[in-house]
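S.K.: kindly generate the corresponding structure for this input.
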Amino acid sequence: MSIYVGNLAYNVTKDDITEVFAEYGTVKRVHVPTDRETGRMRGFAFVEMQSETEEASAISELDGAEWMGRVLKVNPARARE
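M.R.: Residues are numbered from 1 along each chain as shown. So this is what the prediction gives:
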């Protein structure tokens, strides 16, 4: 499973996201999509953690939390179509 993290500040880094999610378990991977034209972050990311229990804990604790002046939207990522 993967976690969708939305409404991120545009200056956030992979390390910042890893640090926040590491409080809930082992972070396996963080993917931060960027705009092809500008190279700027698109305001969302995907996080994969070691176990589904850790992912569920992170989702329940971080969804709606304020971070870097933004209210995070954190939920299970939908499968790519």
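
S.K.: ok, Arg78 to Phe46 distance?
M.R.: 11 Å (C-beta to C-beta, to the nearest Å). Placement of C-beta: from N, CA and C, glycine included.

S.K.: pull up the overlap in contacts between the two.
M.R.: Tyr4 (C-beta atoms under 8 Å, 6 or more residues apart in numbering).

S.K.: more neighbours: which of those two?
M.R.: Taking other C-beta atoms under 10 Å, Arg78 and Phe46 do not tie; Phe46 has more neighbours (15 against 8).

S.K.: residue ranges for the helices of this structure, please.
M.R.: For the chain, the helices defined by DSSP state H occupy 14-21, 52-62.

S.K.: what's the closest of the ones you listed to Met68?
M.R.: For Met68, the closest of the helices of the chain is helix 14-21, at 7.9 Å, according to C-beta to C-beta.

S.K.: and that closest one, what's buried?
M.R.: Residues Asp16, Ile17, Val20, Phe21 are the ones in helix 14-21 that count as buried (16 or more other C-beta atoms under 10 Å).

S.K.: for that helix, name the packing helices and strands.
M.R.: strand 27-31, strand 44-49, helix 52-62 (3 or more C-beta pairs under 8 Å, 6 or more residues apart in numbering; DSSP states H and E).

S.K.: ok, now with 10 Å
M.R.: strand 3-6, strand 27-31, strand 44-49, helix 52-62, strand 66-67 (3 or more C-beta pairs under 10 Å, 6 or more residues apart in numbering; DSSP states H and E).
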